[in-house]
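**Q** sequence and predicted structure below; questions after.
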Amino acid sequence: MARGRRERSDTFPSLLISVLLCLSAIRVQSLRFELQSGHTKCISEDIKLNAMTVGKYSVVNPSDSLPLPDSHRVTLRVTSPYGNSMHFAENVESGNFAFTAYEAGDFLACFWTPDHQPPVTVTVEFEWKSGVAAKDWTKVAKKGQIDLMELELKKLEDTVKTIHEEMFFLREREEEMQEMNRKTNSRMAWLSFLSLAMCLSVAGLQLWHLKTFFERKKLL
């Protein structure tokens, strides 16, 4: 019986780590895509207020035995939901960015390449993290001199805080949507009432016009 309890207690940290990794993966975008010369590709990330976000990108060399061609360069601009520029790099092979979001909403990372003749296709690797996943936990561990278990617990604590904040954020969004629905329903009700009043007014005018016409013709 004691052995069974010991085995369950040993598997508990592994379970915590697995849950943490699953939750942390929610805020990570890691992708590889192709971009034709003269074209643009934009990627969006929904980031909440005061959240930390980091990203890194690089152009994949089409030939390992040769240096990267001059045509394989990209330009990147990261903009906030209100159009403010958070990062800009022009004609680079690779780069990274990091900032704290002072606006909540969809941030855009737009890649584009100059037009070449003949056209070339550039392959880009891009990784974008935000929230708990954006923290450098190695530096945190070195700075605090904490062991692996304590580090995982700190990750879990930050993840729980992030989920808690996300729930409040979603609740606020839900309240905003409900208020918008109430306003829309109220406006539609007033519009329906005005439309009905206009139809009745037009019908009354038509009846009055017909009555006047028939009286002139002495048909009534």
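**A** Received, thanks. Bear in mind the structure is a predicted one, so any value in this text is a computation, not a measurement. Numbers count the residues shown, from 1 in each chain.
**Q** quickly find the element holding the residue nearest the centre of the chain.
**A** With distances taken as Cα atoms, centre = their mean, the residue of the chain nearest its centroid is D46 (2.0 Å). D46 belongs to strand 40-47 when assigned by DSSP states H and E.
**Q** show me what the helix or strand following that strand is packed against.
**A** Once the chain leaves strand 40-47, the next helix or strand it forms, by DSSP H and E, is strand 52-59. Taking 3 or more Cβ pairs under 8 Å, 6 or more residues apart in numbering; DSSP states H and E as contact, the helices and strands that strand 52-59 lies on are strand 74-79, strand 94-100, strand 105-112, strand 121-130. Heads up, the C-betas are built off the backbone N, CA and C, glycines and all.
**Q** packing partners of the last one?
**A** Secondary structure elements in contact with strand 121-130, counted by 3+ Cβ pairs under 8 Å, 6+ apart, are strand 28-36, strand 40-47, strand 52-59, strand 105-112.
**Q** just to revisit the earlier point, now the strand holding D46: buried residues?
**A** 41, 43, 45, 47 (16 or more other Cβ atoms under 10 Å).
**Q** same check on stretch 111-126?
**A** Residues of stretch 111-126 classed as buried: 111-113, 120, 122, 124, 126 (neighbour count, 16+ other Cβ under 10 Å).
**Q** max pairwise distance over those residues: which two?
**A** Using Cβ to Cβ, the pair of the buried residues of stretch 111-126 lying farthest apart is V120 and F126, separated by 18.4 Å.
**Q** rewinding a little: okay, the helices and strands packed on strand 52-59 in a markdown table with distance to F168 and mean pLDDT next?
**A** Below are these laid out as a markdown table (distance: least, Cβ to Cβ, whole Å; pLDDT from 0 to 100):
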| stretch | distance to F168 | mean pLDDT |
| --- | --- | --- |
| strand 74-79 | 26 | 94 |
| strand 94-100 | 19 | 89 |
| strand 105-112 | 16 | 93 |
| strand 121-130 | 17 | 90 |
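**Q** a markdown table please, covering the ones you listed and showing distance to C199.
**A** Putting these into a markdown table (distance: least, Cβ to Cβ, whole Å) gives the following:
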| stretch | distance to C199 |
| --- | --- |
| strand 74-79 | 48 |
| strand 94-100 | 56 |
| strand 105-112 | 42 |
| strand 121-130 | 53 |
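**Q** contacts for stretch 36-45?
**A** Identification of contacts with stretch 36-45 by Cβ atoms under 8 Å, 6 or more residues apart in numbering yields 29, 31, 33, 35, 53, 71, 106-116, 119-122, 126, 128, 130.
**Q** with stretch 117-127 instead?
**A** Contacts for stretch 117-127 (Cβ under 8 Å, 6+ apart): 28-38, 43, 55-60, 62, 69, 71-74, 109, 111, 113.
**Q** just the buried ones from these?
**A** Here, 16+ other Cβ under 10 Å leaves 35, 37, 43, 55, 57-59, 72-74, 109, 111, 113 buried among the contacts of stretch 117-127.
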